[in-house]
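Enquirer: make a model of this:
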Amino acid sequence: MEKKAFDVGVALERIRAAVRPWPKAALFQLADEGYRSTFEQLLACIISIRTYDEVTLPVSRKLFERVRTPRDVARLGYDELDALISPSTFHERKASQMLAIARQVDEEFGGVLPGDRSVLLSFAGVGPKCANLVLGIACGTPFISVDVHVHRVSARWGYISAATPEKALLALEATLPPQHWIEINELLVPFGKHVCTGKLPHCSTCPVRDMCRQVGVTAHR
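Expert: Presented below is the predicted three-dimensional model:
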């Protein structure tokens with residue numbers, strides 16, 4: 001098949017339609033349910049680290065049924081907080097990090113976490129991927145959050161060439177139009193899970209196959 005020139009706007013429009021039947025990525029789903037403050041999104045993002053969405057969603061919902069503000073989290077104490085998020089991976093460490101963040105936000109920022117990237121990155125356990133995703137969803141600030149799906153799919157397209165997610169972030173910042181910076185994570189997470197999978201991607205039914213360079217694909221469905 002002769003490939004067309006890759007048009008990322010067209011690609012994302014097609015993918016937007018293709019992923020409608022699939023569940024949204026966890027933090028976007030939580031935002032749709034009303035948990036969209038910067039603090040709530042940050043807690044959910046911490047819970048999601050090394051944890052499947054199928055676990056992140058019910059754990060976050062259970063937590064937010066009890067507490068939704070830094071002051072309320074700080075009042076919980078470590079044991080109760082750890083018990084609430086215990087199904088998530090590395091929950092002991094996450095509970096300590098979340099409790100420290102809640103106390104700091106309550107004491108230093110009057111209980112309202114500012115939508116400031118430098119503030120988020122100053123917290124233990126919060127890296128660029130998490131900070132960018134939170135600010136994009138909670139504040140609408142154009143940042144790109146690159147996870148394994150965004151990295152794999154954009155490289156497979158031939159849209160970027162990057163060895164790591166960190167390098168993929170820099171490549172996408174230099175290439176991707178800013179109007180797509182937030183939605184690329186929202187779209188490529190379900191797309192990467194269900195269509196452009198790590199092994200044996202579903203190229204036969206892919207909506208962007210006519211543009212995709214299929215970099216590194218040796219076998220597909």
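
Enquirer: walk me through the domains of this structure.
Expert: 8-19+144-205, 26-139 (automatic domain parsing).

Enquirer: what's the span of the longest one, first residue to last?
Expert: What that stands for is domain 26-139. Taking CA to CA, to the nearest Å as the measure, domain 26-139 stretches 17 Å from start to finish.

Enquirer: the protein: helices as residue ranges?
Expert: For the chain, the helices defined by DSSP state H cover 8-18, 26-32, 38-48, 53-66, 70-76, 78-84, 91-108, 117-121, 128-134, 148-157, 165-175, 183-194.

Enquirer: which one, of those helices, ends up nearest to residue 214?
Expert: Nearest to residue 214, of all the helices of the chain, is helix 148-157, at 6.4 Å by CB to CB. (C-beta placed from N, C-alpha, C; glycine too.)

Enquirer: gap between residue 122 and residue 39?
Expert: Per CB to CB, to the nearest Å, residue 122 is found 15 Å from residue 39.

Enquirer: of those two, who's got more company?
Expert: Set residue 122 next to residue 39 and count neighbours by other CB atoms under 10 Å: residue 39 wins out with 23 against 12.

Enquirer: thinking again about what came up before, okay if I get the domains of the chain as TSV plus mean pLDDT and distance to residue 211?
Expert: Listed next are those as TSV, based on pLDDT from 0 to 100; distance: least, CB to CB, whole Å:
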stretch	mean pLDDT	distance to residue 211
domain 8-19+144-205	97	6
domain 26-139	97	25
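
Enquirer: which stretch among those comes nearest residue 218?
Expert: Taking CB to CB, domain 8-19+144-205 is the member of the domains of the chain nearest to residue 218, at 9.7 Å.

Enquirer: thinking again about what came up before, buried deepest among the helices of the chain, which one?
Expert: With neighbours defined as mean count of other CB atoms under 10 Å, those peak in mean count at helix 38-48, which reaches a mean of 25.

Enquirer: show me what that helix is packed up against.
Expert: With contacts taken as 3 or more CB pairs under 8 Å, 6 or more residues apart in numbering; DSSP states H and E, helix 38-48 sits against helix 26-32, helix 53-66, helix 91-108, helix 128-134.

Enquirer: residue 195 versus the spatially most central residue of the chain, what's the distance?
Expert: Nearest to the geometric centre of the chain sits residue 133, at 5.2 Å (CA atoms, centre = their mean). Residue 133 is 21 Å from residue 195, where distance means CB to CB.

Enquirer: residues contacting residue 178?
Expert: residue 142 (CB atoms under 8 Å, 6 or more residues apart in numbering).

Enquirer: picking that back up, can you redo the domains of the chain as a markdown table with distance to residue 220?
Expert: Listed next are the domains of the chain as a markdown table, based on distance: least, CB to CB, whole Å:
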| stretch | distance to residue 220 |
| --- | --- |
| domain 8-19+144-205 | 4 |
| domain 26-139 | 24 |
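
Enquirer: returning to that earlier point: distance to residue 200 added to the helices and strands packed on helix 38-48, as a markdown table?
Expert: Converted to a markdown table, those look like this (distance: least, CB to CB, whole Å):
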| stretch | distance to residue 200 |
| --- | --- |
| helix 26-32 | 25 |
| helix 53-66 | 21 |
| helix 91-108 | 33 |
| helix 128-134 | 26 |
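
Enquirer: among the ones you listed, which comes closest to residue 163?
Expert: Of all the helices and strands packed on helix 38-48, helix 128-134 sits nearest to residue 163, with 16.1 Å by CB to CB.

Enquirer: buried sites along stretch 199-208?
Expert: By neighbour count with 16 or more other CB atoms under 10 Å, stretch 199-208 contains the buried residues 201, 203, 206-208.
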